[in-house]
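Trainee: can't give you the sequence, but here's the structure:
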């Protein structure tokens, strides 16, 4: 490597970073990050983050600076490095990339995370960390199944051994007068055989977050097997509804922002420690329906139920 070549690359990187930081408002408007500010840090420029940010700003009643690391590690490092020189009162981080970077680089700044399915996987815990959960209450999920799929009486689900969700799922199902048929697997390699067996003895398949079970390849097989035997899939992810689940029950992202603001008020106004605040489940839910799958399965849905549906995926998506 020549000295000239290395210098040129450093110069290029140095030229790019100020432009990125100006876009984030860190150079163009340094006063936006005054010591009395709260920062909202986005992992990416995703539309799904808009609702929680608006709700958080509306409910907090304090100055808020919204920054975006654009999913890029180099931008994230520079953003957080800049924040360390003028620490905000608190950071509300949306997405795992932003939350992980703040927790690693600014461990003494109170952190509230949101829109993260498995925060423990990223080490998001400690005295300065709390957040809003992503998994909706299973009671809410079962209630929506009863409402939209009244003919379903038995739900089949595949989970890895010792998954702690089993007891809560069974309890929620009993409360909704449903039955849960659970098949346990050791790892992702056992899922296909389990799916073939369980799909033949249930009225619908339920898919929740389980990293070993829910690989892209396994979900494609689950979707194809469900189609072969003519049973619907119920999920807890909008992405899975777009990929072939009939029904998804997902968090209300606006309420996620409101819940985060309540946690922030307790930390900032009442001087409570973030680590002492339990991570609440989402307060509200949205229902997503895949119209194409509905027609493929020839399910007769009461038209009035569309009034209770927050999003209908158009025909042609999710096949």
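Mentor: The structure has been received and is ready for your questions. None of the values given here were measured: they were computed from a predicted structure.

Trainee: C-alpha only now, for contacts and for neighbours.
Mentor: Fine.

Trainee: if I look at residue 312, how far off is residue 248?
Mentor: Shown here: residue 312 relative to residue 248, a distance of 10 Å by CA to CA, to the nearest Å.

Trainee: same deal with residue 77?
Mentor: Distance, residue 77 to residue 248, using CA to CA: 35 Å.

Trainee: Looking at the two, which is more packed in?
Mentor: Shown here are residue 77 and residue 248; by other CA atoms under 10 Å, residue 248 has more neighbours (29 against 16).

Trainee: What is the strand or helix carrying that one packed up against?
Mentor: Here residue 248 sits within strand 247-251, counting by DSSP states H and E. Using 3 or more CA pairs under 8 Å, 6 or more residues apart in numbering; DSSP states H and E as the contact criterion, the secondary-structure elements in contact with strand 247-251 are strand 233-235, helix 238-242, strand 285-290.

Trainee: next one: the longest one to chain centre, how far?
Mentor: A distance of 15 Å separates the C-alpha centroid of strand 285-290 from that of its chain, computed with CA atoms, centre = their mean, to the nearest Å.

Trainee: Quick one: mean pLDDT over that strand.
Mentor: Computed over strand 285-290, the mean pLDDT rounds to 95.

Trainee: Please report how far the spatially most central residue of the chain lies from residue 93.
Mentor: If you average the C-alpha coordinates of the chain and look for the closest C-alpha using CA atoms, centre = their mean, you land on residue 115, 3.8 Å from that point. Using CA to CA, we find residue 115 at a distance of 9 Å from residue 93.

Trainee: just residue 160 next, same as before
Mentor: Per CA to CA, residue 160 is found 30 Å from residue 93.

Trainee: Which one's more surrounded, the two?
Mentor: Neighbour tally, residue 160 and residue 93, criterion other CA under 10 Å: the higher count belongs to residue 93, 30 against 20.

Trainee: The more buried one sits in which helix or strand?
Mentor: When elements are defined using DSSP H and E, residue 93 is found to belong to strand 90-94.

Trainee: Could you list every helix and strand that that strand packs against?
Mentor: Identification of packing neighbours for strand 90-94 by 3+ CA pairs under 8 Å, 6+ apart yields strand 38-42, helix 96-105, strand 111-114.

Trainee: okay if I get these as JSON lines plus distance to residue 222, mean pLDDT and mean neighbour count?
Mentor: As requested, the helices and strands packed on strand 90-94 are arranged in JSON lines below (distance: least, CA to CA, whole Å; pLDDT from 0 to 100; neighbours: other CA atoms under 10 Å):
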{"stretch": "strand 38-42", "distance to residue 222": "32", "mean pLDDT": "96", "mean neighbour count": "24"}
{"stretch": "helix 96-105", "distance to residue 222": "27", "mean pLDDT": "94", "mean neighbour count": "21"}
{"stretch": "strand 111-114", "distance to residue 222": "29", "mean pLDDT": "98", "mean neighbour count": "28"}
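
Trainee: Can you say which of the ones you listed is nearest to residue 237?
Mentor: strand 111-114 (15.2 Å; CA to CA).

Trainee: Now do the closest one: which elements does it pack against?
Mentor: strand 90-94, helix 96-105, strand 129-131, helix 253-268.

Trainee: if you set the cut-off to 10 Å instead, what comes out?
Mentor: Using 3 or more CA pairs under 10 Å, 6 or more residues apart in numbering; DSSP states H and E as the contact criterion, the elements in contact with strand 111-114 are strand 38-42, strand 90-94, helix 96-105, strand 129-131, helix 253-268.

Trainee: domain ranges for this protein?
Mentor: In terms of domains, the chain is parsed into 17-135+254-276, 138-251+284-313 (source: automatic domain parsing).

Trainee: Now do the contacts for the closest residue to residue 76 other than its chain neighbours.
Mentor: Nearest residue to residue 76, sequence neighbours excluded (CA to CA, 6 or more residues apart in numbering): residue 69, at 5.0 Å. For residue 69, the set of contacting residues under the criterion of CA atoms under 10 Å, 6 or more residues apart in numbering consists of 20-21, 24, 41-45, 75-80, 97-98.

Trainee: try it again with 7 Å
Mentor: With CA atoms under 7 Å, 6 or more residues apart in numbering as the criterion, the residues that contact residue 69 are 42, 43, 44, 75, 76.

Trainee: The second one contacts residue 97, correct?
Mentor: Yes - using CA atoms under 7 Å, residue 43 and residue 97 qualify as a contacting pair, with a distance of 5.4 Å.

Trainee: if we can go back for a sec, ranking the domains of the chain by mean pLDDT, which is last?
Mentor: When the domains of the chain are compared on mean pLDDT, domain 17-135+254-276 scores lowest, with a mean of 87.
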